[in-house]
Each structure stands twice: as C-alpha cells, then as structure tokens.
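K.L.:
predicted model and sequence follow; I will ask about them next.
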Amino acid sequence: MNKKLIIGIIIILLIIIIGYVTINEFNKADTKVPYINSHIQKANDEYNQAVDFLNKKNYTNTIQHINESYKEYMLAKENTEEAMAKSIKTNQSLQVQYFNYTITELDYKINATVEMYNGLDYVKSNPSKALSLFRNSEKNMENAKEYSDKRSLLEEQYPDNFLKE
C-alpha cells in the first residue's frame, strides 16, 4: 500500500512540475516575437506593394494593399501589447523596452497607412493635399525605421531574450 501511495505522490508531483513548466513557457512574452515579426514583415510587404501601385496610379490595388498592410500592423500591435503585458507582469525590463520600441514603430507604420489611405481620397479633387498626405506617410515610415533598428539591435545584443522564427 505504501508503494502505491509513494508512486501516486511521485506521479502527481511530476504532473504538477510538467504543468508548471508548460504554463510558464506559455506565459513568456518572447514567445510572441516570431508572430509579431511575421505580421510586421507581411505588413511591410503589403505597404511596399501599395506604394508600387500608387506610383503606377493604380488606386484600386493601392487601396487593397494598404488595407491589408493596416490589418497586419494592427495584428502585430495586438500581439505586442499582449507580450508587453506579460513582460510587465514578469518584470522583464529588457523585454518591456523591446516591446515599447515595437509599439512605437508600429504606431508610425499604422499612421503611415492611414495617411496613404487618406491621401487617396484627394488624388482627383486636391492633388496637392494628396501629395502632402503621401509625403507624411513616407515620413512616418522613415521615423518607424529608427525604432525598428533599435528593436533589431536589442535582438542582436540579447539573442537569448528573444525567440526567433
């Protein structure tokens, strides 16, 4: 009887330990990094395609790609905010800094998509206003680059803190 009790207790302890490790891994913020980077890359690709179509004056395809870009940036931001909350909860200051950079980068990129989209409304009625909005979009993307570079630098300096794809 004692052997069964000891084996039962050992099995229960193993289950608890495995569960704890699994939950702990699931709650780590860095598990979100590959998803965030994937959404950002997809959004960047869509944004670049939108710019190409805009330069060709193909406004229908520009709208399609800018909408897709916006959607992907928003998904990246949602994942980043979740990761940020986990980082704050677990007191991971390096990751909090990383996710702050990511959110700032994404805010600039989201603003860039909105500026481009809004510029499309003025292409025929007020070309100078449209051009101004398109330039603002470009400036937002340039500003985003600074935070993208800061984020990449942290990934390079502390590779163990950020899971890669």
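P.N.:
All right, it came through fine.

K.L.:
now do the helices in this protein.
P.N.:
Per DSSP state H, the chain carries helices over the ranges 2-26, 33-55, 59-89, 93-120, 127-157.

K.L.:
name the helices or strands packed onto the last one?
P.N.:
In this structure, helix 127-157 packs against helix 93-120, with contacts taken as 3 or more Cβ pairs under 8 Å, 6 or more residues apart in numbering; DSSP states H and E. (Glycine included, C-beta is placed from N, CA and C.)

K.L.:
show me what counts as buried in the helix it packs on.
P.N.:
95-96, 98-117, 119-120 (16 or more other Cβ atoms under 10 Å).

K.L.:
and that helix, how far out from the chain middle?
P.N.:
Computed by Cα atoms, centre = their mean, to the nearest Å, the chain-centroid distance of helix 93-120 equals 9 Å.

K.L.:
give me the angle between that helix and helix 59-89.
P.N.:
160 degrees (axes from the mean of the first three to the mean of the last three Cα atoms, to 10 degrees).

K.L.:
helices or strands up against helix 93-120?
P.N.:
helix 33-55, helix 59-89, helix 127-157.

K.L.:
understood, closing this out.
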